[in-house]
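Student: only geometry, no sequence info:
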């Protein structure tokens, strides 16, 4: 098993908490807004971030760890797209968007930093 590097800002907790917010957003969109398409997409991508980060804890190598974190970063970017669509289509208001978007930005920054520093150790 690969020994995980010191992961700053505890990305594991950040992404798990974010996934729970996404699940609640999904429930809200279905129940209150009768929105079923975008809500399903954001549920998949938003919860996948944490799933990939969690899986990276048991990576077999630094390269495997980096790959999982890159996948988490891609899923986070997709989630950002769905969040913006929800805002622009007025399924969520500006304050709802800003609340979850601030968590999103922190996760993106942290994942980018992890990927960047992992590259240094692999090279």
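Tutor: It's in. All values reported here derive from a predicted model rather than from experimental measurement.

Student: Would you mark the buried spots in the top helix by length along the chain?
Tutor: In the chain, assigned by DSSP state H, the helix with the most residues is helix 94-122. Residues of helix 94-122 classed as buried: 97, 100-101, 104, 107-108, 110-111, 114-115, 118 (neighbour count, 16 or more other Cβ atoms under 10 Å). Heads up, the C-betas are built off the backbone N, CA and C, glycines and all.

Student: in the chain, which spans are helices?
Tutor: 11-33, 37-56, 62-88, 94-122.

Student: and the angle from the third one to helix 94-122?
Tutor: Between the axes of helix 62-88 and helix 94-122, defined by axes from the mean of the first three to the mean of the last three Cα atoms, to 10 degrees, the angle is 160 degrees.

Student: I'd like to know which elements helix 62-88 is packed against.
Tutor: In terms of contacts (3 or more Cβ pairs under 8 Å, 6 or more residues apart in numbering; DSSP states H and E), helix 62-88 is packed against helix 11-33, helix 37-56, helix 94-122.

Student: and what of the longest one?
Tutor: Here helix 94-122 touches helix 11-33, helix 62-88, going by 3+ Cβ pairs under 8 Å, 6+ apart.

Student: just the ones you listed: most buried one?
Tutor: Counting by mean count of other Cβ atoms under 10 Å, helix 62-88 has the highest mean neighbour count of the helices and strands packed on helix 94-122, with a mean of 18.
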